[in-house]
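Asker: Sequence and predicted structure, then a few things I'm wondering about:
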Amino acid sequence: MTTPEPRVSTTNLIFLTPLVHERKILASTGIPADRLHVCGPGREGVRRWADGHSEHSGPVILVGIAGGLEPDLASGSIVVVDEVVDQRGRVTVPPAACRIDLPGSRRGRVTTTGRVVASSEAKHALGRATGASIVDLESVHFAELADSRGWDWGIIRVVGDPMEEAVPAALDRFVDHLGRTRIVVVAIELFQRPALFKRLRALGRQTRVALLALGDSLRELVLPPFDGPKIGDVRIRSVRKPGAGSILIFGGSFDPPHRGHLTLPFEAAARLGCDEVVFVPARVNPLKQETPPADPADRIRMLEAAIEHRKPDPRSPVITARIDRREVDREGPSFTIDTLEAIQRELLEKAGRDENVARQQPQLRLLIGSDQALDFDRWRDWQKIIALAPPVVMPRPPETRTSLAAKYRAHFDSNLASRWSTWTLDLAAEGVSSTEIRRRLADGEDVSALLPEGVLKVITDRGLYRKNP
């Protein structure tokens, strides 16, 4: 009996699309926004994105609209590419192709040209010359770069214009180098050629329907349906082997732990495919050098109560949680690199004793807030931290992924800024802080709605955060 080929990994999976409007339509089908990236059209678009994401650790799947080169490929036909052929006949095989299983799709070869192949005659001739089923402007360039950088990659395209259908040659000029629609250029073209309006409108409707079908299929690839856990209205499936799950490390003062401290780590863990959340209460923040108001024992009691009373959604992935005391037990300031290296050593020691764990070492990820991300280059051995446990960033109000991307570009060099953008999740931030809760408690205000169940009882029993008489 042969072992079935595993599905393409969903951990850190990114869908790369050339055009902004393609991403917008795909996102409307429910694909998580952080999984969809825009590179811009052609060779330069692919190279620009690749240069900014050279350290990406997960699979990258190039997706979007393509032109049909075979008579039986109608608009909306989804093609999982199993060969990429260039104009010289050289063939490259996407390493992820054999692990992509999309119901209703077909397998085929893709080729790339420098301009839109506009006429049906040109499409027919290109298909005969290359043996390709579809044509686009990026796949050959993407394949070359992805192979040279050792990525796990694949290509999935949906046919927008079939072989027998001509498209306006002016389409080349309708988007800029970043994949954005050039509204002024379109307007000028329509003013000069009014008859083009009807054709463009029909083509727009056609490609939108095709992209919606592609989005529905891609959503099932990222979050394949099964009779197991799900978050909201999308389903999640883990493809990891036993002992191979990632671990999300979440440090902080937890003084007190509030609602966001409990909900956001588990949402981030589910997005990343982590099996465990490890809470690490800090003794002293080296960048602040002040002792938290509540002593470590009380902060751990509150955190234990929050975790104990947590009510996981029965439809959600099973994610365990534990508290790591090493920082509160350590004298002096708590340096994250020391904690991560200690955790990694313990995992390696366990791997030496456990054959299952030894087969595939769990990956560490470090969950931080956006304020910490912008201050990250002040952390001790921050580059070692990135190598050991790539950060995961939670935007904190009023920041968003968009505003943070601009700040990353201003603060870090271009390559590192792109990596920080990739590490930033689009999480719904909680508008609550421990500082505000402590103030309200000192003023005798009701904060029960801001705290996880069980925490308020510990605060009351221990008489925490009261004003001095």
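Answerer: Structure received.

Asker: Pop out the phi and psi values for Leu137.
Answerer: phi -110, psi 0 (degrees, to the nearest 10).

Asker: Next: Phe335.
Answerer: The phi and psi torsions at Phe335 (degrees, to the nearest 10) take the values phi -100, psi 130.

Asker: just Asp82 next, same as before
Answerer: Here Asp82 shows phi and psi, under degrees, to the nearest 10, equal to phi -110, psi -10.

Asker: Same question for Leu272.
Answerer: When read as degrees, to the nearest 10, the backbone of Leu272 gives phi -90, psi -10.

Asker: send the alpha carbons of the helix or strand containing Gln383 over as CSV?
Answerer: Gln383 is part of helix 382-388, with elements assigned from DSSP states H and E. Provided in CSV are the C-alpha atoms of helix 382-388 (Å, rounded to 0.1, in the frame of the first residue of the first chain):
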residue,chain,number,x,y,z
TRP,A,382,17.1,40.9,17.5
GLN,A,383,18.5,39.4,14.3
LYS,A,384,19.0,36.1,16.2
ILE,A,385,15.4,36.3,17.4
ILE,A,386,14.2,36.6,13.8
ALA,A,387,16.2,33.6,12.7
LEU,A,388,15.0,31.5,15.7
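
Asker: which other residues reach that helix?
Answerer: Identification of contacts with helix 382-388 by CB atoms under 8 Å, 6 or more residues apart in numbering yields 336-337, 340-341, 344, 364, 366, 376, 379, 391. To be clear about C-beta, it is placed using only N, CA and C from the backbone, and glycine gets the same treatment.

Asker: right, and the helix or strand after that helix?
Answerer: Once the chain leaves helix 382-388, the next helix or strand it forms, by DSSP H and E, is strand 391-394.

Asker: Name the spans of the stretch 351-469 of the chain whose pLDDT lies under the cut-off.
Answerer: Along the stretch 351-469 of the chain, segments meeting pLDDT under 70 span 351-362, 415, 428-431, 468-469.

Asker: which residues of it fall in strands?
Answerer: Counting by DSSP state E, counting those that start in this stretch, the stretch 351-469 of the chain has strands at residues 364-369, 391-394.

Asker: Which strands or helices does the last one pack on?
Answerer: Here strand 391-394 is seen to pack against helix 259-272, strand 364-369, helix 370-373, helix 414-423 when contacts are counted using 3 or more CB pairs under 8 Å, 6 or more residues apart in numbering; DSSP states H and E.

Asker: Check the offset of it from the chain's centre.
Answerer: Distance, stretch centre to chain centre, for strand 391-394: 11 Å (CA atoms, centre = their mean, to the nearest Å).

Asker: and if you look at the longest one?
Answerer: The chain centroid and the centroid of strand 364-369 are separated by 14 Å, computed with CA atoms, centre = their mean.

Asker: Check which helices and strands it is in contact with.
Answerer: Strand 364-369 packs on strand 246-252, helix 259-272, helix 336-353, strand 391-394, going by 3+ CB pairs under 8 Å, 6+ apart.

Asker: Make TSV from those and add mean neighbour count to it.
Answerer: Formatted as TSV, these follow (neighbours: other CB atoms under 10 Å):
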stretch	mean neighbour count
strand 246-252	23
helix 259-272	20
helix 336-353	15
strand 391-394	24
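
Asker: quick one, which of the helices and strands packed on strand 391-394 is nearest to Pro32?
Answerer: helix 259-272 (6.7 Å; CB to CB).

Asker: got the angle for whichever helix or strand comes after that closest one vs helix 259-272?
Answerer: As assigned by DSSP H and E, the chain's next helix or strand after helix 259-272 is strand 274-281. Angle, strand 274-281 to helix 259-272, by axes from the mean of the first three to the mean of the last three CA atoms, to 10 degrees: 150 degrees.

Asker: Residues contacting strand 274-281, please?
Answerer: By CB under 8 Å, 6+ apart, strand 274-281 touches 238, 240, 245-254, 265-266, 268-269, 296, 299-300, 303, 307, 318-328, 339, 343, 362, 365.

Asker: what is the rounded mean pLDDT of the top helix by length along the chain?
Answerer: In the chain, taking DSSP state H as the definition, the longest helix is helix 196-222. Mean pLDDT, computed over helix 196-222, is 84.

Asker: Including distance to Ser448, could the helices and strands packed on strand 391-394 go into CSV?
Answerer: CSV is the format used below for the helices and strands packed on strand 391-394 (distance: least, CB to CB, whole Å):
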stretch, distance to Ser448
helix 259-272, 10
strand 364-369, 24
helix 370-373, 27
helix 414-423, 34
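
Asker: To Ala50, which of these lies closest?
Answerer: Ala50 lies closest to helix 414-423 among these, at 10.2 Å (CB to CB).

Asker: okay, now Val184: neighbour count?
Answerer: Around Val184 there are 8 other residues, counting by other CB atoms under 10 Å.

Asker: on that earlier part again, now do the buried residues in the helix holding Gln383.
Answerer: Neighbour counts over helix 382-388 (16 or more other CB atoms under 10 Å) mark 385-386, 388 as buried.

Asker: And for stretch 83-96?
Answerer: Burial within stretch 83-96, assessed by neighbour count using 16+ other CB under 10 Å, is assigned to 83-86, 92, 94-96.

Asker: can you check stretch 135-151 too?
Answerer: 135-146, 151.

Asker: part of a strand, is Gly45?
Answerer: No: counting by DSSP: H, G, I helix; E, B strand; the rest coil, Gly45 is not found in a strand; it is helix.

Asker: before we move on, the earlier item: which one of the helices and strands packed on strand 364-369 lies nearest to Gly444?
Answerer: Of all the helices and strands packed on strand 364-369, it is helix 259-272 that lies closest to Gly444, at 20.1 Å by CB to CB.
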